[in-house]
Structures are given as structure tokens and as C-alpha cells.
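In: the amino acid sequence is not available; the structure is as follows:
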């Protein structure tokens, strides 16, 4: 999750795009402008985004499995509820 914004920042820097945080704060480029680097970082950024999304889906599936099928109290523990 830390790599995603850094790779996105580097990707935009390599593409020559400004990275703006709000209306007045512009971040400096962290990567030299290069079309080849932009393309490589774009694919890396997209791949990591897909990996993060699949990790989220796997965690949701595991939580639903424990809560709806196994009913072993693991979901209650994740939610901070006591099981009596």
C-alpha cells in the first residue's frame, strides 16, 4: 500500500505530468521524464493495483466463509465482539 502512491508519483513524473496535492501544492518530480519508463511504471502500477484488489477480495471471502459457513466466531473476533 505504500508502494502504490510512490509508483504512481514516479509514473506521472516520468510522463511529464504535474502531481498536485490540492489546488496549490505541487510535488516535485521524482523520476526523469521518459516515455519508456512511463510505460513500464504504468504496467507496474496497474499490476500492483490488481494485486491489492485481489487481496481485498480474498480477505472479504475469508471473512464471509468464517461468518456464514463455518460459524466459528472468527468474524466476531475481527469485529471486536465478544462471543459468549
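Out: Happy to help now that I have it. Being a predicted model, the structure only gives us computed values, none of them experimental.
In: which of the residues in the longest helix seen in the chain are buried?
Out: As assigned by DSSP state H, the longest helix anywhere in the chain is helix 35-64. Neighbour counts over helix 35-64 (16 or more other CB atoms under 10 Å) mark 37, 38, 41, 42, 44, 45 as buried. Every residue, glycine included, has its C-beta placed from N, CA and C.
In: so where is this protein shaky, pLDDT-wise?
Out: Residues of the chain meeting the criterion pLDDT under 70: 82-84.
In: OK, contacts around residue 66?
Out: 72, 74, 75 (CB atoms under 8 Å, 6 or more residues apart in numbering).
In: sorry, wrong one. I was asking about residue 49.
Out: residue 4.
In: and it, how far is that from residue 15?
Out: 17 Å (CB to CB, to the nearest Å).
In: on that earlier part again, tell me which of the contacts of residue 66 fall in strands.
Out: In strands, defined here by DSSP state E, there are no members of the contacts of residue 66.
In: among the residues you listed, name the buried ones.
Out: Buried by 16+ other CB under 10 Å: residue 75, out of the contacts of residue 66.
In: using a markdown table, please lay out the contacts of residue 66 together with distance to residue 32.
Out: Listed next are the contacts of residue 66 as a markdown table, based on distance: CB to CB, whole Å:
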| residue | distance to residue 32 |
| --- | --- |
| 72 | 53 |
| 74 | 48 |
| 75 | 48 |
